[in-house]
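# Structure of the sequence below:
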Amino acid sequence: MINSKQQKDRYSNTTSSMYIKSTISNPNVKSIIQAVSTILHSQMQEDQEQGKQIPKTSELYFFSEEKYIEEKPEEFDEQRKLLLREPPSVDNIYEFMKALYDCAQFSPECCIICLVYINRLIAFTGLTLNPTNWRPLLLSSLLVAQKVWDDKYLSNADFAFIYPFFTTQEINKLEAKFLELLQYNVTVKGDLYAKYYFELRALFKGDQEFPLYPLDVTQSASLEARSADVQKQEQEKAEKLSLTYNDRQTRKPAAIIN
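Numbers count the residues shown, from 1 in each chain. Okay, here's the model as predicted:
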């Protein structure tokens, strides 16, 4: 259980003890995370150089840590705010992903799938990556990717314990908003995965062997089927929630008996 002191130190926990305890040992995952971190850092730099900003009125602001600072100002002193707003290096992104991996133990393929989802969100919404939204976006995309690819995956409550910046309820809402803005399109076809795979592999020097093999026909078919399955489940869940909400809105109040 996370006590009140831990709650007050949510971000400091994330950037210190979470990383200090990191003991990544799988070289495959280590190299894949490095490649994904490099791509995300490059995208963020490009967005920031163009001066792109996300207004507070945008749905995309939901992923900004600024939103949570504003809602809980007592939990963030000036030093933590500065730390949050500092542009990350490739190493910062790598350390964050690595720390999540150490706890969640997701498959290397999840890193590639998470990159697919982030780029899909960018294409659908015009999202820009910035110093205060890359962590929530990575968390959300990895959470969904693990549910798509891995047979066993951590619950949202587990992720809240791993990354105590967010409560379980906040992570639930992040995931729901992430899926909504993706239009619940989490299906990943084999050829799309292959495209990302070879782009990541191209980051390695000619004499370096890429530490992950492309998916074979069976694995590609499995990825497409599993991701389509998750997509269907999430769409049905969203439809049920929508129907429940509409029913509550249209239902007449009970008569008051004097």
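# pLDDT weak spots in this structure?
The model of the chain has pLDDT under 70 over residues 1-27, 205-213, 226, 234, 240-258.
# just the strands in it please.
Read by DSSP state E, the chain holds no strands at all.
# the helices in it, which residues?
4-8, 10-15, 17-20, 27-49, 65-71, 78-85, 90-104, 108-125, 134-149, 156-162, 168-181, 190-201, 217-250 (DSSP state H).
# Put the alpha carbons of the fourth one into PDB.
Once side chains and other backbone atoms are set aside, the C-alpha atoms of helix 27-49 remain, and they are given as PDB (Å, rounded to 0.1, in the frame of the first residue of the first chain):
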ATOM      1  CA  PRO A  27      19.900  -7.400 -23.900                       C
ATOM      2  CA  ASN A  28      17.100  -7.800 -26.500                       C
ATOM      3  CA  VAL A  29      14.700  -5.600 -24.600                       C
ATOM      4  CA  LYS A  30      17.500  -3.200 -23.700                       C
ATOM      5  CA  SER A  31      18.400  -2.600 -27.300                       C
ATOM      6  CA  ILE A  32      14.800  -2.400 -28.500                       C
ATOM      7  CA  ILE A  33      14.000   0.200 -25.800                       C
ATOM      8  CA  GLN A  34      17.000   2.200 -26.800                       C
ATOM      9  CA  ALA A  35      15.800   2.300 -30.500                       C
ATOM     10  CA  VAL A  36      12.200   3.300 -29.500                       C
ATOM     11  CA  SER A  37      13.600   6.000 -27.200                       C
ATOM     12  CA  THR A  38      15.700   7.400 -30.000                       C
ATOM     13  CA  ILE A  39      12.700   7.700 -32.300                       C
ATOM     14  CA  LEU A  40      10.400   9.200 -29.700                       C
ATOM     15  CA  HIS A  41      13.100  11.700 -28.700                       C
ATOM     16  CA  SER A  42      13.600  12.700 -32.400                       C
ATOM     17  CA  GLN A  43       9.800  13.200 -32.800                       C
ATOM     18  CA  MET A  44       9.600  15.300 -29.700                       C
ATOM     19  CA  GLN A  45      12.500  17.500 -30.700                       C
ATOM     20  CA  GLU A  46      10.900  18.100 -34.100                       C
ATOM     21  CA  ASP A  47       7.600  19.000 -32.500                       C
ATOM     22  CA  GLN A  48       9.300  21.400 -30.000                       C
ATOM     23  CA  GLU A  49      11.400  23.100 -32.700                       C
END
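# elements contacting that helix?
When contacts are defined as 3 or more Cβ pairs under 8 Å, 6 or more residues apart in numbering; DSSP states H and E, helix 27-49 sits against helix 90-104, helix 108-125, helix 134-149, helix 190-201. The C-beta positions use only the backbone N, C-alpha and C, and glycine is treated the same way.
# Mean neighbour count, those: which tops it?
helix 134-149 (a mean of 24; mean count of other Cβ atoms under 10 Å).
# That one versus helix 27-49: what angle between them?
140 degrees (axes from the mean of the first three to the mean of the last three Cα atoms, to 10 degrees).
# Using CSV, please lay out the helices and strands packed on helix 27-49 together with distance to E74.
Shown next, in CSV, are these (distance: least, Cβ to Cβ, whole Å):
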stretch, distance to E74
helix 90-104, 25
helix 108-125, 31
helix 134-149, 20
helix 190-201, 41
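# can you tell which of those helices is closest to E66?
helix 134-149 (10.7 Å; Cβ to Cβ).
# I'd like the helices of the chain as TSV, with distance to S58 appended.
Output for those, formatted as TSV (distance: least, Cβ to Cβ, whole Å):
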stretch	distance to S58
helix 4-8	28
helix 10-15	23
helix 17-20	29
helix 27-49	14
helix 65-71	11
helix 78-85	18
helix 90-104	23
helix 108-125	9
helix 134-149	14
helix 156-162	24
helix 168-181	10
helix 190-201	27
helix 217-250	20
